[in-house]
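Student: Quick check, what structure comes out for this input:
(2 chains)
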Amino acid sequence: MQTKKTGFLSSLKAIVCDPFTMFGVVSAILLLLLTVAPAKDYLSEWRGYQRQYLTFIQNRGDAVTLRRHFQGGINQIWIPQLDVVDRCQTCHVGVGEASLADVKQQPFRAHPPIPHKLTEFGCVICHRGQGAATTVNQAHHSDMTGEEPILPARYIESSCGQCHHEPLEGTPKLNQGRTLLSRYGCVNCHTITLPDGSTMQATDFPPPLTHIADKTTREWIYAWLKDPAAYSSTATMPNFMLSDSDASDISAFLMADSTPDPADRISSPAASKTPPADPTAGASLYGESFCASCHATQNEAGNLVGGTLGPELTNVGTKVKPAWLLAWMRDPKHYDPATRMPQYRWTDAQLNLLAAFLENKTDPDFVANVHLQPATKQQIAHGKELVMENGCASCHEIPGVPKPENFGPNLSRVGSKPLVQLIFLPGMEHSLPAYLSGKIRQPRAFGASLRMPKFNLSSAQVEAATTALLSLTDRSFSLPANLQVPSTPQSHYEPAGQAGQLMSSLNCLSCHSINGHGGTMAPDLSWEGSSVQRTWLESFLKNPNTLRPTLIRRMPKFNLTDAESTVLTDYIMTAYQTPSFVRDEMPLTGYSPALIEKGRELFYSRYACQSCHMVNPNVDKGYIGPTLTDVGARLNAAWIFHYLKDPQALRPGTIEPNQHLSDDDANALTAFLMAQKGGAGQGAKQ
Amino acid sequence: MMPSTIETYFNKIERTRVWRSIFRSGTGNSTLRNALAIQQNVFLHLFPTKIRKRMLDLGATWYLGTLTLGTFIVLVVTGILLMLYYHPSVPQAYTDVKDLRFVVSSGLFLRNLHRWSAHTMVFLAFAHLFRVFYRGAYRAPREFNWVVGVLLLLITLLLSYTGYLLPWDQLAFWAITVGTNISSAIPFIGAKIRFLLLGGNLVNANALLRFYVLHCAILPISAVLFLAVHMWRVRKDGGLYVRASEPSAGSTHQHASEELKKQ
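Tutor: Residues are numbered from 1 along each chain as shown, chains lettered A, B, ... in the order given. Below you'll find the model as predicted:
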């Protein structure tokens, strides 16, 4: 053993100590090392995928075409203007091959169809990740600090939002997320500046708290502050995780801060005292007034029924004081000038009926266990401090508390926030989407001193909001201006004059849009004056009905006086006309029977309009489009003619197909439709 | 008679006019001629003309100085090749490094070779220093060469440091931010030095360019100059350091220094 060891040592010594042998050994090692480089290059990952691809396509029917398209080596999309160098196609060889759409095996599947060419933007602008890399690991999840990993597919719509600032048909999640950011008041605390320089605006207007003591009790405020979702599951007010004493102090301050409004004191003692003769009359009036178009209530099955424009009314009786409710329903704008609630012209009897109906909607449990001691001065002062600390005035108007500026961090570029600037929770996935959604879901988990409240959002909503936030990238600012698809500039159109006042009190723009300003619940009225006939409009305003068999009527009956409806009709007929044609250029009547007959034939045979529309309800089955039984008494001939010629020009987004009618055909169809005057007195079919 | 054929062939070449105009040490195998061959070559004249054969053994020096020089040569060669692919500009530096890693043939190998050689060079330079120190080879008459060696070590470290910024990634950025902040701690002139190094107050395009120039021109040239002095002084200071006249197994430091005094 000993000799063997000595022998080994001596031979080692002979090699090491002899310079010539040493030189030989070192040279051999160097040569070996130098072969590593080309070998590693030859055995690289992407070459493997390309070999795999060639075997993969061998047995396919389209092998010849695919092989002809195949180009070995590094394949890249290079767009210098956009700073794009994407080598993804080096491994994703078949990404542009439409015939590989059915392939399950990645990286060979074709890209799903999208409105852009793959070479237009490359891969990384939408998918993130590292386009320069040619290994899976480095391209999808880089190990370099500050480099973005690939974006999970469920957030991919965020990438569309970098250029498209308008809602797109193909990006429901992004659209929903943007709506949430506006609706839940995120943008009240966080400034979000868009590339065109505008800022995102809130679309939900929390009530001013100036006269809050008239409206509700301190106990309700306390319970609401503790957990808004317990009062209403659709509350947009977030939970500030207040302690009992803090909630009590804030409620004390708000009550002390409130000033009485004389108008809220109007009360009709008859209101809640005498039960109405018909117990269902209140519910009927609630239904007839279409309150549910904007307000939701919970039905017996626990489902919410109704719109989201106004607050949920399931437990409204627990919240509001009867006198305030009456004053509110009589004139909502007096209490809150920014409200979207229309001023119905209800009679006192109707008001009492409706108030009694709403006051019965209570949840006694909500405030049952709230017992507050009378507030001390210190409590009120502390309450004010808390109100300022929590940024309540970012959303609510509170007397004596100014609206804070930049209360939360600016989120204009949050979608590009470098990971190194984020502090993750233990065990959390280190990625921006995970951080953003975690922050929305559990904001206080990231630090006890954080002020961000917890919003009552479902996981789908959190995902949508995260998608919208991820679209706010550096790139959206740096992209060339010609690629930006800006949102239509915000219109602040308000109708003027006497009719303007009337429309403001009726809050027409809560549902209807005019000249780019207003709601989306009801049709756009910008060109209504060109579209409809005066007599029809006047009778519709007094007694609205629905035009489409598939839709329930949403337009409330406001009990307008004759004078009011005349003012409104005059204004609409005059002010809201399209510039593209003259309304009265075609007569309303007097078309020759032959022309009408030709129109009927075109209607039924050539264009088969009856598949969507009804002219004769006994025969026709179409229900997609509006009923046309009395269209001749409703629409102007010129409107019908031009609408038939190019529907999308007059009603952008309508599904009415553009049939490219000749003038003769359009003329005949117009004549036929103008002959559809309905039965006598059938103008207001209900 | 293959060897003799080659030999005659060489002899023929050595006698040509061109050869003799380049190598002027004459022909033959005399000691003088061999000494002249070393002395009259601009590269070799830095080295001693004669050396004890024992000093060529691994055990004598562990070849630490030569190996340091070897890594330096590897660094110069790979560095020049890397310069062919690299732009010292903010928008391009990082992408160029990525290209080297993912697209350039053997680019990753080149970069890794440069990086590992740099690490090895720092390690070897330190090992060389320690060995010289513990052998006592820094003493008279070699004090000046010790100082030159320390300067070379500093240049080596600065080369490593300036090269660190060039990939222009987060690691580089923050390392240079921290490093230059340290230099600003020097009393009175610290802030000025930092400004001079960065060409501004922030690690940005100017800093990248300055570090590039330092890394690829100023520092390597100074390294080469000091290397020349270093090796020339090895010869001038009496060749490689030998303990005493010739070590016996029991020779001590005391013994060695006494011997040195006698010289």
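Student: In which helix or strand does residue 126 reside?
Tutor: With no chain named, the answer covers chain A. Under the criterion of DSSP states H and E, A:Cys126 resides in helix A:124-127.
Student: Chain B was what I was after
Tutor: Going by DSSP H and E, B:Phe126 is in helix B:107-135.
Student: anything in that helix near chain A?
Tutor: Yes. Residues of helix B:107-135 contacting chain A under Cβ under 8 Å from any Cβ of the partner chain: B:108-110. The C-beta positions use only the backbone N, C-alpha and C, and glycine is treated the same way.
Student: Name the residues of chain A found near chain B, please.
Tutor: So chain A meets chain B at A:16-17, A:19, A:22, A:36-38, A:40-41, A:74, A:83, A:85, A:87, A:130, A:132-135, A:138, A:144-146, A:420 (Cβ under 8 Å from any Cβ).
Student: quick one on the thing from earlier: mind giving me the packing neighbours of the helix holding A:Cys126?
Tutor: Packing partners of helix A:124-127 (3 or more Cβ pairs under 8 Å, 6 or more residues apart in numbering or on different chains; DSSP states H and E): strand A:84-86, helix A:157-160.
Student: Pick the most deeply packed of these.
Tutor: Stretch with highest mean neighbour count among those: helix A:157-160 (a mean of 24; mean count of other Cβ atoms under 10 Å in any protein chain shown).
Student: For that helix, give the mean pLDDT please.
Tutor: Mean per-residue pLDDT for helix A:157-160: 94.
Student: What's the first helix or strand after that helix?
Tutor: helix A:172-183.
Student: got the contact list for B:Met121?
Tutor: If a contact means Cβ atoms under 8 Å, 6 or more residues apart in numbering or on different chains, then B:Met121 has B:68, B:71-72, B:75, B:156 as its contacts.
Student: Nearest to chain A, out of those: which one, please.
Tutor: Proximity of those to chain A (Cβ to the nearest Cβ) peaks at B:Thr71, which lies at 12.9 Å.
Student: What number of residues are in the vicinity of that closest one?
Tutor: Look at B:Thr71: counted by other Cβ atoms under 10 Å in any protein chain shown, it has 20 neighbours.
Student: Identify the residues contacting it.
Tutor: B:Thr71 neighbours (Cβ under 8 Å, 6+ apart): B:117-118, B:120-121, B:124.
Student: what would the residues you listed look like in a markdown table with pLDDT?
Tutor: Shown next, in a markdown table, are the contacts of B:Thr71 (pLDDT from 0 to 100):
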| residue | pLDDT |
| --- | --- |
| B:Ser117 | 96 |
| B:Ala118 | 97 |
| B:Thr120 | 97 |
| B:Met121 | 97 |
| B:Leu124 | 97 |
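Student: just the helices in chain B please.
Tutor: Using DSSP state H, the helices of chain B run over residues B:2-15, B:17-22, B:31-39, B:58-61, B:64-83, B:90-102, B:107-135, B:143-165, B:170-183, B:190-198, B:205-213, B:219-236, B:253-262.
Student: rank the ones you listed by pLDDT, which is bottom?
Tutor: For these, where the average pLDDT is lowest is helix B:253-262, sitting at a mean of 46.
Student: from the chain's centre, how far out does stretch B:62-78 sit?
Tutor: 6 Å (Cα atoms, centre = their mean, to the nearest Å).
Student: Repeat that for stretch A:60-71.
Tutor: 44 Å.
Student: swap in stretch A:283-302?
Tutor: 24 Å.
Student: Make a PyMOL selection of the buried ones in the residues of chain A next to chain B.
Tutor: To isolate the buried ones among the residues of chain A next to chain B in PyMOL, judged by 16 or more other Cβ atoms under 10 Å in any protein chain shown, type:
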select buried, chain A and resi 37+74+85+87+130+132+133+134+138
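Student: Can you list which of the residues of chain A next to chain B are found in helices?
Tutor: Reading helices off those with DSSP H, I get A:16-17, A:19, A:22, A:36-38, A:40-41, A:138.
Student: picking up where we left off before, spatially, which two of the contacts of B:Thr71 are the most separated?
Tutor: Greatest spatial distance among the contacts of B:Thr71 (Cβ to Cβ): B:Ala118 and B:Leu124, at 10.9 Å.
Student: Ranking helices and strands of chain A by mean pLDDT, which lands last?
Tutor: helix A:270-273 (a mean of 49; mean pLDDT, DSSP states H and E).
Student: for the following helix or strand past it, packing partners?
Tutor: The helix or strand immediately downstream of helix A:270-273 is helix A:281-288, counting by DSSP H and E. Counting by 3+ Cβ pairs under 8 Å, 6+ apart, the packing neighbours recorded for helix A:281-288 are helix A:348-359.
Student: residues of the helix or strand just after the helix it packs on that come out buried?
Tutor: Proceeding N to C from helix A:348-359, the next assigned helix or strand is helix A:365-368, under DSSP H and E. Neighbour-count burial for helix A:365-368, counted by 16+ other Cβ under 10 Å, picks out A:366-367.
Student: try stretch A:223-233
Tutor: A:223-228, A:230-232.
Student: what do you get for stretch A:240-251?
Tutor: A:240, A:242, A:246-251.
Student: do the same with stretch B:206-216
Tutor: Under 16+ other Cβ under 10 Å, the buried positions of stretch B:206-216 are B:207-208, B:210-212, B:214-216.
Student: Repeat that for stretch A:247-267.
Tutor: A:247-258, A:261, A:263-264, A:267.
Student: What about those, which are in helices?
Tutor: Using DSSP H, these in helices are A:247-257.
Student: possible to save those as JSON lines with pLDDT?
Tutor: Below are those laid out as JSON lines (pLDDT from 0 to 100):
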{"residue": "A:Ala247", "pLDDT": "92"}
{"residue": "A:Ser248", "pLDDT": "92"}
{"residue": "A:Asp249", "pLDDT": "93"}
{"residue": "A:Ile250", "pLDDT": "93"}
{"residue": "A:Ser251", "pLDDT": "93"}
{"residue": "A:Ala252", "pLDDT": "93"}
{"residue": "A:Phe253", "pLDDT": "93"}
{"residue": "A:Leu254", "pLDDT": "93"}
{"residue": "A:Met255", "pLDDT": "91"}
{"residue": "A:Ala256", "pLDDT": "91"}
{"residue": "A:Asp257", "pLDDT": "89"}
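Student: Is A:Val401 bridged to anything, and to what?
Tutor: The partner list for A:Val401 in beta bridges (DSSP bridges) reads A:Ile398.
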